[in-house]
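have a look at this prediction, sequence included:
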Amino acid sequence: MPNTKSAIRRVRRVRKQAQVNRIRKSKYKNAVKQMDLLIRSKDKAKTKKYFSKFQSILMQVAKTGAVSKKTASRKISRISKKI
C-alpha cells in the first residue's frame with residue numbers, strides 16, 4: 001500500500017492510465033482482426049477502403065505509446081503486401 005499522499009495519487013493515476021491503454025490496445029487488436037477478415041474474404045474493394053482507416057487507427061495507438069511505432073509500422077507493411 002502507498003504511504004504518502006503523492007504515492008496514493010500516483011496509484012490512482014496509473015490505474016486510470018492502464019485502463020486507457022487497455023482500451024487503445026483493444027482498438028488496435030480489433031482493427032488488425034477486422035483487416036484480417038477483410039483480406040480472407042477476398043473483397044478487394046472493401047479491403048482497400050478500410051486500409052486507410054486501419055493505418056490511421058494503428059498510428060494513433062502507436063503515437064500514444066500503447067504499442068511501439070515500429071510494431072505498428074511492421075503490421076501496416078505486412079498487411080499492405082497482402083493486399
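The structure has been received and is ready for your questions.

what's near enough to touch the residue nearest to the spatial centre of the chain?
Nearest residue to the geometric centre of the chain (Cα atoms, centre = their mean): Tyr28, 2.5 Å. Contact analysis of Tyr28 by Cβ atoms under 8 Å, 6 or more residues apart in numbering lists Ile57, Leu58, Val61, Ala66, Val67, Ala72. Using the backbone N, CA and C atoms, a C-beta is placed for each residue, glycine as well.

and the first one, how far from Arg78?
Look at Ile57 and Arg78: by Cβ to Cβ, to the nearest Å, they are 16 Å apart.

okay, these two: which has more neighbours?
Counting neighbours by other Cβ atoms under 10 Å for Ile57 and for Arg78 shows that Ile57 has the greater number, 20 against 9.

you'd agree the more buried one is up against Lys25?
No - counting by Cβ atoms under 8 Å, Ile57 does not reach Lys25; the two are 11.6 Å apart.
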